[in-house]
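Curious how this folds, go ahead:
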Amino acid sequence: MKRALLVGVSDYGSDSGFTPLKAPLNDLSMLREVLEDPQFGGFDSVEVLPNPGKRLLELTVSKFLRDNTVATNDLALLYFSGHGIFPQSAEYAYLAPVDAQNEWMEATGTAASFIRDELRQSYYRTKIVILDCCTAGALARGILAKSGPQKQEVKRHIFGKGTVVLSATTGIAEAYEYLDEETSAYVSCFTKAIVEGVRTGEADENNDGRISVTDLASYAERWTPAAVSRAHGQRQVPTLSGTDISGEIIIANRPIAGVSPEPSATSSDPAPAVTKNPPYRNWRYGAWLSVALSLISIGALTWRYLPGEKDGGKDDGRSLQAESGTDYPSWKRATDSYVDTCTATVDALYCTDAYNEKLYSFDIRTGDQRWKYNVGAVPVHSVPLVVEDTVYVGEASTADAKNGVHAVDRRTGKRRWLRQLSEFDITGSVTYSHGKLFVSDAGTSYAIHPNNGKIAWKSRICTHNSAPPVGDGGGSLYVGSGDGTAYRLDEEDGAPIWQAKIGGGTPGKAEIGNGEIYFGTESPDGSGKLHALDPITGKVKWSYFTGAIISPPIAVGDLIYVHTDRGDLEAIDKETHRPRWVYKGSRGIGPLVTFSGNSLYMGGDDGRLRSIDSQSGKENWIFESASAVGYPIAWRDQIIFASEGTIYSVDAESGE
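Numbers count the residues shown, from 1 in each chain. Model prediction:
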């Protein structure tokens with residue numbers, strides 16, 4: 001028997017600290033329809049719970065999961081669409097019922113630990129949790145607790161067992177809703193992806209008439225980022241995690257003409273055993289960051305997570321995207337600095353001046369300076385990282401001073417703390433995952449507590465410069481080191497899980513997408529490779545030879561973009577492992593740093609900002625400036641970049 005409980009919350013009060021949502025109740029209707037349909041979900045019962053308070057939500061979940069009348073091979077699906085928040089860590093992540101108060105979530109929210117305890121006491125053999133809310137990846141981590149993947153022989157036609165969580169986002173990202181043209185109703189992008197994958201049958205990747213949870217996760221990983229990019233010009237990446245998994249967990253059928261349906265969940269007739277890789281992957285499906293991504297630079301990555309007016313939950317796009325019918329004016333602002341690397345939040349730019357060792361904040365609508373922070377008498381090469389109300393920036397070292405990480409109040413520009421680490425330069429920017437900051441220097445990676453700067457752990461992995469660690473949303477970090485080795489580290493303690501010698505020079509920052517880990521390499525002879533590794537084993541799945549790759553690869557949809565020292569930008573097809581197109585630039589063109597809609601934007605030493613069609617590689621427009629163009633960022637309908645002290649904001653569509 002297959003049973004589902006679908007929960008949707010939209011009617012948050014004006015004093016709750018959460019913005020009301022338009023999609024959740026529509027999400028319940030369309031998901032219920034596809035689950036109840038005997039041709040698709042074939043669920044025996046689907047219970048819908050709209051706008052419950054905390055007591056009703058928890059009581060209903062408890063009764064649903066602890067039903068002692070279920071058979072040993074029954075399946076339960078728990079779905080939630082609404083606001084989600086994690087103010088401290090995954091252990092303290094919460095779902096927001098209709099009576100939740102943002103400032104008092106411990107008392108008014110439904111904790112991830114509550115869901116976890118109910119799942120542990122459940123009689124169901126198979127439990128699926130689907131979360132369509134902001135910070136869903138953190139909620140998943142709190143629900144599952146720490147558990148590694150389990151390799152077992154899989155009998156494909158036997159119904160699997162265990163607990164899996166399919167999440168709309170990574171641990172720090174926002175989830176989006178949009179106006180669906182097909183139904184003329186607001187729906188959540190991620191839930192729409194699930195429904196479309198089942199209804200169209202396109203999630204059935206091997207065309208066998210069955211749709212597993214991993215099939216559905218893979219489809220959502222492709223569909224959701226594209227839909228969010230079209231609707232909001234932002235990024236959203238689904239995740240999949242689980243524990244105690246064996247066998248394939250089938251969630252729906254796909255009728256195929258001339259093919260008899262395979263055994264149902266309650267079938268007692270086993271089919272021949274087929275050995276394959278385990279369906280569970282305890283890491284993020286998708287294209288490396290979410291809407292939290294604001295910027296990539298050479299060897300540097302910037303994340304940002306700002307709830308925006310204390311909404312702390314599902315975003316309809318208004319906090320980062322322009323209101324409908326609003327055009328933001330272009331502007332140009334000369335500063336008293338040499339800023340060339342910036343990141344953005346809803347209302348501000350945060351930029352570094354490497355020559356004068358300064359961090360600046362500017363009004364994002366006008367370019368007016370808000371404050372200036374003196375980093376010290378050391379170079380600043382990293383891109384600022386903004387997490388909630390703090391800006392983090394790393395500094396290099398000198399003969400007289402160690403390197404360090406600075407934490408600065410994003411509104412006042414006052415220092416909160418400084419953590420000095422070693423006599424070596426910090427290589428790249430500070431990154432963030434699951435409540436910790438991560439940096440690397442010459443062979444050592446560090447985890448730092450963001451509230452006080454204390455070192456949580458340090459992992460000595462080699463004797464050469466290491467790239468910034470990249471979290472996968474599932475408890476692991478991926479790091480490339482200067483000796484040509486790639487590492488997977490445990491996010492909790494920094495212990496190596498595997499290491500892979502990939503050679504080919506210095507691997508840059510890792511990129512996660514399409515069920516693979518990508519590293520680009522740069523060799524002294526000017527050659528390079530794009531390597532795709534299996535994230536579980538560390539084995540190289542395939543490689544593509546190209547020129548020296550001088551910026552981190554970026555996986556978006558079915559393409560991986562790499563920029564070489566020849567000035568070429570290549571879009572590598574994930575299936576053929578060959579370029580779909582090559583944009584021929586000139587040396588000095590900066591790396592790909594941002595997407596907005598269907599375009600990508602590059603700066604360069606030649607003083608040009610380029611807009612490139614991401615699917616064809618054709619130029620949309622070129623903006624000419626007087627000096628080298630820094631790393632552009634997308635903000636609403638504008639592209640913003642610094643050029644040796646002058647900041648420009650130009651229209652993303654026209655370049656004017």
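
Next up, the contacts around residue 99.
13, 16, 53-54, 108 (CB atoms under 8 Å, 6 or more residues apart in numbering). In this view, the C-beta of every residue, glycine as well, is placed from N, C-alpha and C.

Filter these down to the buried ones and hand me the PyMOL line.
If you want just the buried ones from the contacts of residue 99 in PyMOL, going by 16 or more other CB atoms under 10 Å, the selection is:
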select buried, resi 16+54+108
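
tell me the two of the contacts of residue 99 that are most distant?
13 and 54 (13.3 Å; CB to CB).

now residue 641: how far from residue 629?
Going from residue 641 to residue 629 by CB to CB, to the nearest Å gives 6 Å.

what touches both of the two?
Residues touching both residue 641 and residue 629 by CB under 8 Å, 6+ apart: 603, 609.

Would you tell me which helix is longest in the protein?
Looking across the chain with DSSP state H, the single longest helix is helix 213-232.

Skip the chain neighbours and tell me the closest residue to residue 620.
residue 611 (4.0 Å; CB to CB, 6 or more residues apart in numbering).

which regions of the stretch 101-250 of the chain lie under the pLDDT threshold?
135-161, 170-173, 243-248 (pLDDT under 70).

quick one: the helices in it?
Along the stretch 101-250 of the chain, counting by DSSP state H, counting those that start in this stretch, helices occupy 105-108, 112-120, 136-144, 189-199, 213-232.

what's the offset of the second one from the middle of its chain?
Computed by CA atoms, centre = their mean, to the nearest Å, the separation of helix 112-120 from the middle of its chain amounts to 24 Å.

Ranking helices and strands of this protein by mean pLDDT, which lands last?
When the helices and strands of the chain are scored by mean pLDDT, DSSP states H and E, strand 293-297 comes last with a mean of 29.

ok so, going back, how about the longest helix of the chain: buried residues?
Quick answer for helix 213-232 (16+ other CB under 10 Å): 213-229, 231-232.

and the angle for that helix with helix 189-199?
Orientation check (axes from the mean of the first three to the mean of the last three CA atoms, to 10 degrees): helix 213-232 against helix 189-199 gives 130 degrees.

still on that earlier bit, the helices of the stretch 101-250 of the chain: which one's closest to residue 411?
Closest among those, using CB to CB: helix 105-108, at 22.7 Å.

In terms of secondary structure, what does the closest one contact?
Here helix 105-108 touches no other helix or strand, going by 3 or more CB pairs under 8 Å, 6 or more residues apart in numbering; DSSP states H and E.

Let me see the confidence value for residue 24.
Residue 24 carries a pLDDT score of 91 in this model.

so it touches residue 9, yeah?
Yes. At 5.7 Å, residue 24 and residue 9 qualify as touching, with contact defined as CB atoms under 8 Å.

Common neighbours of those two, please.
What both residue 24 and residue 9 touch, as defined by CB under 8 Å, 6+ apart, is the set 50, 81-82.

In strands, which of those residues fall?
50, 81 (DSSP state E).

What subset of the shared contacts of residue 24 and residue 9 is buried?
81-82.

Helices of the stretch 401-550 of the chain, residue ranges please.
Using DSSP H, counting those that start in this stretch, helices in the stretch 401-550 of the chain do not occur.

is it possible to export the helices of the stretch 101-250 of the chain to a markdown table including distance to residue 36?
Below are the helices of the stretch 101-250 of the chain laid out as a markdown table (distance: least, CB to CB, whole Å):
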| stretch | distance to residue 36 |
| --- | --- |
| helix 105-108 | 32 |
| helix 112-120 | 23 |
| helix 136-144 | 24 |
| helix 189-199 | 12 |
| helix 213-232 | 17 |
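
Tell me which of the ones you listed lies nearest to residue 353.
helix 213-232 (31.3 Å).

which other helices and strands contact the closest one?
Short answer (3+ CB pairs under 8 Å, 6+ apart): helix 213-232 packs on strand 161-167, strand 177-180, helix 189-199, strand 239-246, strand 250-253.

Save the ones you listed as a markdown table, and put in mean neighbour count too.
Shown next, in a markdown table, are the helices and strands packed on helix 213-232 (neighbours: other CB atoms under 10 Å):
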| stretch | mean neighbour count |
| --- | --- |
| strand 161-167 | 25 |
| strand 177-180 | 20 |
| helix 189-199 | 25 |
| strand 239-246 | 24 |
| strand 250-253 | 25 |
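
Please name whichever of those is nearest to residue 41.
When the helices and strands packed on helix 213-232 are compared (using CB to CB), the closest one is strand 250-253, at 5.0 Å.

which helices and strands sit right next to the closest one?
Right, strand 250-253 is packed against strand 210-212, helix 213-232 by 3+ CB pairs under 8 Å, 6+ apart.

at 7 Å instead, please
Helices and strands touching strand 250-253, by 3 or more CB pairs under 7 Å, 6 or more residues apart in numbering; DSSP states H and E, are strand 210-212.

What is the distance between the strand it packs on and the centre of its chain?
25 Å.
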